[in-house]
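Asks: sharing a sequence plus its predicted fold:
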Amino acid sequence: MGKISKKRKIANAKVDSEKFYPLKEAMALVKEVNTTKFDASVDIHIRLGIDPRKADQALRGTVTLPNGTGKTKSVLVLCTPDKEEEAKAAGADYVGLDDYIQKIQGGWTDVDVIVATPNVMAKVGRIGRVLGPRGLMPNPKTGTVTPNVGAAVTDVKGGKISYRADKFGIVHNSVGRVSFTAEKLAENASELLNLIHKIKPSTAKGTYMKSVTVVSTMSPGIKVDIKSFK
């Protein structure tokens, strides 16, 4: 452990916990202070002045990151046989219905995104108890319940991510990897931040964007100056 804590101490010393950094500078810094040997995820935490218990303030949706996520997501398409070819042609990793529903009932969830056609949602509903807690439940709001399975798979593979505010009103998302340039990370983060800014609920009171923090898997949090991307 000694080695890591030494690295972490150096990393912590480089980040001024009182300072609000411009977005691009924050991304350059998060790359510099990352202490992992692997290509860690770079995450953004957006604290919003909303009440997620109110239906009109429960923010969720999708955004396509211009530079992708740095990780190709594995996709399962649950559909009737007439849609299987379209799903496979678009690059779905797993395609089927009853056999996969059985596998998931047995505890298999080794997949990043599940896309389903509307006509199979009654069956998918049965495995909601397994999928819901893992964030895998297909949803029309995130484009994962659709008859156009090919387009949905292409979107997911091309850097489309879903976001949602948690019960504390915080949106947590990965916006790339530490191997990305600071520019690319900042572009990805801006895309998400500007979208969140645009969809401010009219009923939200007080300060809407309270704080934005950038962090990698093993780095200290870096505060972002909100004025730097608006």
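Replies: Arrived safely.
Asks: test my guess that residue 141 contacts residue 59.
Replies: No. Applying CB atoms under 8 Å, one finds residue 141 not in contact with residue 59, separated by 10.3 Å. C-beta coordinates here come from the backbone N, C-alpha and C atoms, glycine included.
Asks: so between the two, which is more surrounded?
Replies: residue 59 (20 against 12; other CB atoms under 10 Å).
Asks: Three-state assignment for the residue nearest the centre of the chain, please.
Replies: Nearest to the geometric centre of the chain sits residue 173, at 4.0 Å (CA atoms, centre = their mean). At residue 173 the chain is in strand, as set by DSSP: H, G, I helix; E, B strand; the rest coil.
Asks: again, but for residue 66
Replies: Here residue 66 is recorded as coil under three-state DSSP.
Asks: the closest residue to it other than its chain neighbours sits in which helix or strand?
Replies: Once flanking residues are discounted, residue 66 sits nearest to residue 187: 5.3 Å by CB to CB, 6 or more residues apart in numbering. Secondary structure from DSSP states H and E places residue 187 in helix 182-198.
Asks: show me where this structure has helices.
Replies: 2-14, 23-33, 84-89, 98-105, 121-125, 128-131, 149-157, 182-198 (DSSP state H).
Asks: rewinding a little: just give me the neighbour total for the residue nearest to residue 66.
Replies: Neighbours of residue 187 under the rule other CB under 10 Å: 19.
Asks: repeat that for residue 22.
Replies: 14.
Asks: list phi and psi for it.
Replies: With angles defined as degrees, to the nearest 10, residue 22 sits at phi -60, psi 150.
Asks: tell me the pLDDT of it.
Replies: Note for residue 22: predicted pLDDT of 96.
Asks: which residues does it contact?
Replies: Residue 22 makes contacts with 224-225, 228, as judged by CB atoms under 8 Å, 6 or more residues apart in numbering.
Asks: repeat the analysis, applying 10 Å as the threshold.
Replies: Neighbouring residues of residue 22 by CB atoms under 10 Å, 6 or more residues apart in numbering: 28, 186, 224-225, 227-229.
Asks: from residue 142, how far off is the residue nearest to residue 66?
Replies: 22 Å (CB to CB, to the nearest Å).
Asks: backbone dihedrals for residue 203, please?
Replies: Backbone torsions of residue 203, given as degrees, to the nearest 10, read phi -90, psi 0.
Asks: before we move on, the earlier item: grab the nearest non-local neighbour of the residue nearest to the centre of the chain.
Replies: Distance criterion CB to CB, 6+ apart; nearest residue to residue 173, sequence neighbours excluded, is residue 163 at 5.3 Å.
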